[in-house]
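In: what shape does this take:
(2 chains)
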Amino acid sequence: MKKTRFTPLQIIVHIGGWTPLAVIVYNFFTNNLTANPIQAIEQQTGVRALVFLLLSLACTPVSSIFGWKELTRRRKALGNYAFLYASIHVTTFIGLDYGFDLGAILRDVGTKWYIIVGLAAFLMLLPLAVTSFNYWMKRLGKNWKRLHKLVYVISPLVVFHFLLSVKGDLTRLQGNVLQPAVYGMIALLLLVLRIPAVKRKSIEIRDRMKANPFKVIRLNHPAD
Amino acid sequence: MNTLYKSVPVKSSEITPKSAYLSRRDFIKAAGVIAGSVALAACAPEVTSTPQAGSPAPAEAEGMTDEMGNKVNSYEDITHYNNYYEFTTDKQGVAGLAANFKTSPWDVEVSGLVNKPQTFSVDDLIKKFQPEERIYRLRCVEAWSMVIPWVGFPISKLLAEVEPTSNAKYLRFETIMSLDEMPGLKQPFYPWPYQEGLRMDEAMNDLAILATGLYGGELPAANGGGIRLVVPWKYGFKSIKAIIRIELTEEEPATMWSTIAPNEYGFYANVNPDVDHPRWSQASERRIGELSRRDTLMFNGYAEQVASLYEGMDLNVNY
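Out: Okay, the predicted model is just below:
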């Protein structure tokens, strides 16, 4: 018999990738995107893009800590879904929100940091999406990996863009800061797990956990 | 100071002539009675004389316009797109969560620097001050806007009743904190209760009303019932909902959003396309129901009536 083409994880990733878009389209045509559908599309695609970006960022550390090797092979698809939602997000802003009136965009928000930061993140995500094909992977060789490290810059920028777009003040912990703060902490964790020392330590903990699940708890007590 | 206001000349008298709104209200009431009796004929012995909150607006009302010719937004949009964080930060979710919020009977306590501190019931206020229809534009600080047919009365009438003392300079408004009915109060990072303020001369302006109704009917819970403030030349968050307390003070009162982020939300919060929010633009807005953006008008198009209140003030500083 022929080998199965898709793994269960692969199917989950792709269904999970397209479902939010299907929901947004369905809600759009059934008038369920609030009285202000353009803003709802912007907000929902923005959050989806960030979620997929963080999921793609989670693949490597989760795979190395829990030894779930297949995850690293799903990273690219997750990253591309992040790009898909980011593209709809940006296109909606320029096309639907501002009717492609670049003059009005420049006049209104040309100097606003949330736009500058968001645009910078999108422009960095663009080459990653373009080079996601195997052709580019082979052609760029070592540089492909270097290029794709840009995601370490992109993710904090996207969280910052989110934070700049809400009503509230993170430094004072006031207003609508809960959501961006939670995403920010997840992004921070996923980046910290990549620091070699932290990575080594987390794998060490995993190995001990495998050997004796109870001992790991005692590990945290210096008096031991 | 820049005083080149994009003002549209409108006298306050031009806002919905009294005869027009009275006949319209009679029509709406009649329509409500007919609609209500049809709906209730099968099951209820009693018919109320005003449309129930949540009932669809009469078709006639949906064709109304403000004094500039802007069509009013639909009853559905006005009652299902609300910034009301005491329920939830999800604007579409407020109507559902507020469905069981009790807006009647409703009491408002007026106290502080007044000769006659009193507690009024909204029913009494309606009897005493004969609320009238006011079709106002509402411009949210989030750069969307609506045109809303409120029913209300000028705050000046209420102030005359309580007789402010000579050192009363400001009004402080406070929203109810009903923990059982308002799940949003459990959200972290908000300095409840919601409070807002006006300077005395702002409150005395005829445009500033306390609203007790919407679309010729009751004021739905999601829109701030029992009673709310409407100050149409200021960003929407100034028009505080579900007011239980009005206090007259000598000092400028603290407000909800200026407590959250003092460098982003000031006490005045006048709609002003030339003074941006520090992080985003206020130059244009999306009218709910429209595809393209509109330019935002100085004082939301009410410059004629209110610009004199701010003469000599630097609006870049007093944002």
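
In: would you mind listing what in chain A touches chain B?
Out: Proximity of chain A to chain B (C-beta under 8 Å from any C-beta of the partner chain) is limited to residues A:34-36, A:38-39, A:96-99, A:104, A:107-109, A:112-114, A:164-165, A:167-169, A:172-178. In this view, the C-beta of every residue, glycine as well, is placed from N, C-alpha and C.

In: those residues, buried ones only, as a PyMOL selection?
Out: Buried residues among the residues of chain A next to chain B (16 or more other C-beta atoms under 10 Å in any protein chain shown), as a PyMOL selection:
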select buried, chain A and resi 34+35+36+38+39+96+97+98+104+108+109+112+114+164+165+167+168+169+174+175+176+177+178
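
In: which of the residues of chain A next to chain B fall within helices?
Out: A:Ile38, A:Gln39, A:Ala104, A:Arg107, A:Asp108, A:Val109, A:Trp113, A:Tyr114, A:Leu164, A:Ser165, A:Leu178 (DSSP state H).

In: how about the helices in the stretch 151-300 of chain B?
Out: B:155-162, B:200-204, B:256-260 (DSSP state H, counting those that start in this stretch).

In: which one of the ones you listed is the most hemmed in?
Out: Most buried of those by mean neighbour count (mean count of other C-beta atoms under 10 Å in any protein chain shown) is helix B:256-260; its value is a mean of 21.

In: same for it, what does it pack against?
Out: Judged by 3 or more C-beta pairs under 8 Å, 6 or more residues apart in numbering or on different chains; DSSP states H and E, helix B:256-260 is in contact with strand A:174-175.

In: now tell me what touches stretch B:275-286 from outside.
Out: Contact with stretch B:275-286 is made by A:36, A:38-39, A:97, A:104, A:107-109, A:112-114, A:164-165, B:139, B:141, B:143-145, B:263-264, B:271-274, B:293-296, B:315-316, B:319, as judged by C-beta atoms under 8 Å, 6 or more residues apart in numbering or on different chains.

In: name the nearest residue to the residue sitting nearest the centre point of chain A, ignoring sequence neighbours.
Out: The centre of chain A sits closest to A:Leu53, judged by C-alpha atoms, centre = their mean, with a distance of 1.4 Å. In space, A:Leu53 comes closest to A:Ala82 once its chain neighbours are excluded; the distance is 4.1 Å by C-beta to C-beta, 6 or more residues apart in numbering or on different chains.

In: picking up where we left off before, can you put the ones in helices among the residues of chain A next to chain B in TSV and add pLDDT and distance to A:His89?
Out: Shown next, in TSV, are these (pLDDT from 0 to 100; distance: C-beta to C-beta, whole Å):
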residue	pLDDT	distance to A:His89
A:Ile38	96	12
A:Gln39	95	12
A:Ala104	91	18
A:Arg107	90	21
A:Asp108	89	17
A:Val109	90	14
A:Trp113	94	17
A:Tyr114	95	13
A:Leu164	95	15
A:Ser165	94	11
A:Leu178	94	21
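
In: can you redo these as JSON lines with distance to B:Met177?
Out: Converted to JSON lines, these look like this (distance: C-beta to C-beta, whole Å):
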{"residue": "A:Ile38", "distance to B:Met177": "34"}
{"residue": "A:Gln39", "distance to B:Met177": "29"}
{"residue": "A:Ala104", "distance to B:Met177": "41"}
{"residue": "A:Arg107", "distance to B:Met177": "41"}
{"residue": "A:Asp108", "distance to B:Met177": "37"}
{"residue": "A:Val109", "distance to B:Met177": "36"}
{"residue": "A:Trp113", "distance to B:Met177": "35"}
{"residue": "A:Tyr114", "distance to B:Met177": "32"}
{"residue": "A:Leu164", "distance to B:Met177": "30"}
{"residue": "A:Ser165", "distance to B:Met177": "28"}
{"residue": "A:Leu178", "distance to B:Met177": "20"}
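
In: now, among those residues, which is nearest to chain B?
Out: A:Asp108 (4.0 Å; C-beta to the nearest C-beta).

In: tell me which parts of chain B are close to chain A?
Out: Checking chain B against chain A by C-beta under 8 Å from any C-beta, the hits are B:73, B:76-77, B:80-81, B:89, B:91-92, B:141-142, B:144, B:187-191, B:257, B:259-261, B:264, B:276, B:279-281, B:283-284, B:286, B:288-289, B:291-293.

In: any of the residues you listed buried? List them.
Out: The buried subset of the residues of chain B next to chain A (16+ other C-beta under 10 Å) comprises B:73, B:77, B:80-81, B:89, B:91-92, B:141-142, B:144, B:189-190, B:257, B:260-261, B:264, B:276, B:279-281, B:283-284, B:286, B:288, B:293.
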